[in-house]
Every structure is written in structure tokens, then in C-alpha cells.
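Participant: My questions concern the predicted model and sequence given below.
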Amino acid sequence: MPAPVWILLGALLLGLGLLVLLVTRVRSLGRRFGTFECALRLAGRTTWASGIAGYGTDRLDWYRVLSLSPRPAHSWKRSALVVVARSSRLRAGRRTAITEATVQCRGEEFTLAMTDQAYAGLSSWLEAAPPGSRPGVVG
């Protein structure tokens with residue numbers, strides 16, 4: 001076979017391998033105990049990033065969906081997280097089952113979007129912090 005065919009075949013195999021790695025990573029993240037789908041919008045931005053958040057003992061980790069990194073893209077200490085506001089998304093004037101929570105952590109503000117059930121879990125997890133930690137749900 002000519003060299004361009006080998007190059008094309010190699011590129012296709014590489015792409016397929018990366019796709020398999022991505023799907024495997026997302027499935028393994030989604031199967032972990034204490035994880036939920038959660039979009040992130042950083043302060044001053046208008047775009048959302050899709051992700052999966054997971055509870056640790058003392059932190060909330062957020063993994064970007066479109067990434068091959070085994071490490072979280074963001075990690076926030078539980079004792080420093082404060083939900084300052086929350087609202088329900090509206091579509092065509094109707095409430096959806098998605099909650100947007102504005103969160104602060106050590107001066108950084110960002111918004112997390114998740115299902116109502118996931119928000120209930122997040123607020124419970126914050127309120128159940130060990131003694132000595134301040135409550136993490138204000139709004």
C-alpha cells in the first residue's frame with residue numbers, strides 16, 4: 001500500500017483509540033459512587049462546560065466530559081463551598097428539572113447546573129459537613 005494510505009489508516013486507528021478511551025473514562029466516572037452530571041460555567045463566561053461531579057470526603061471534584069485526563073479539572077474544598085443562590089431553568093416560560101446553583105469558593109464564583117435531585121444531594125452533602133464547618137447553603 002502507498003504511504004498516504006498507511007498514514008490515513010494510522011490516523012483512523014488513533015482516532016478510534018482516543019474515542020474508546022474517552023467513552024471508557026466517561027462510563028467509569030459515571031459509575032462511581034457519589035457522582036452526578038453537572039455543567040459548569042465560570043464567572044464572566046457565557047458558555048457551559050459539560051462535566052461529571054463527584055463527592056469526596058472533604059471536597060467536590062469536577063471532571064470535564066471531553067477530556068482524557070484522569071484528574072479533575074476543578075476541585076473545591078467542602079468547608080469553603082457556599083451556595084449563594086439557586087434558580088430553576090426556564091424553557092418556553094416553564095420550569096425545567098434543572099437547577100442552577102451559584103457557588104462561591106474562596107472568592108471564586110461559578111455556576112453549577114444539575115438536576116433537581118442532584119442539587120438536593122449537593123445541598124444535603126454541604127449541610128452534613130462535620131462539626132466546626134459552616135453551613136454551605138445560603139440561598
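Facilitator: Ah, there it is. Numbering: from 1, shown residues only.

Participant: all contacts plus neighbour counts: C-alpha atoms, from now on.
Facilitator: Will do.

Participant: Now name the helix or strand holding residue 20.
Facilitator: Using DSSP states H and E, the element containing residue 20 is helix 3-31.

Participant: beta partners for residue 51?
Facilitator: residue 64 (DSSP bridges).

Participant: Surely it and residue 62 touch.
Facilitator: Yes: using CA atoms under 8 Å, residue 51 is in contact with residue 62, at 6.5 Å.

Participant: Do a quick rundown of the helices in this structure.
Facilitator: In the chain, the helices defined using DSSP state H lie at 3-31, 116-127.

Participant: where in the chain is pLDDT low?
Facilitator: By pLDDT under 70, the low-scoring segments of the chain are 1, 21-33, 132-139.

Participant: about what we covered before: and of the helices of the chain, who's closest to residue 68?
Facilitator: helix 3-31 (5.9 Å; CA to CA).

Participant: related to what we said a few turns ago, common neighbours of residue 51 and residue 62, please.
Facilitator: residue 38 (CA atoms under 8 Å, 6 or more residues apart in numbering).

Participant: Show me the one of the helices of the chain that comes nearest residue 41.
Facilitator: Ranking those by proximity to residue 41 (CA to CA) places helix 116-127 first, at 15.7 Å.

Participant: Spatially, what comes nearest to residue 106 if we skip its sequence neighbours?
Facilitator: Distances taken as CA to CA, 6 or more residues apart in numbering place residue 80 nearest to residue 106, at 6.2 Å, with adjacent residues excluded.

Participant: From residue 46, how far off is that neighbour?
Facilitator: Here residue 80 is placed at a distance of 24 Å from residue 46 (CA to CA, to the nearest Å).

Participant: Nothing else from me, thank you.
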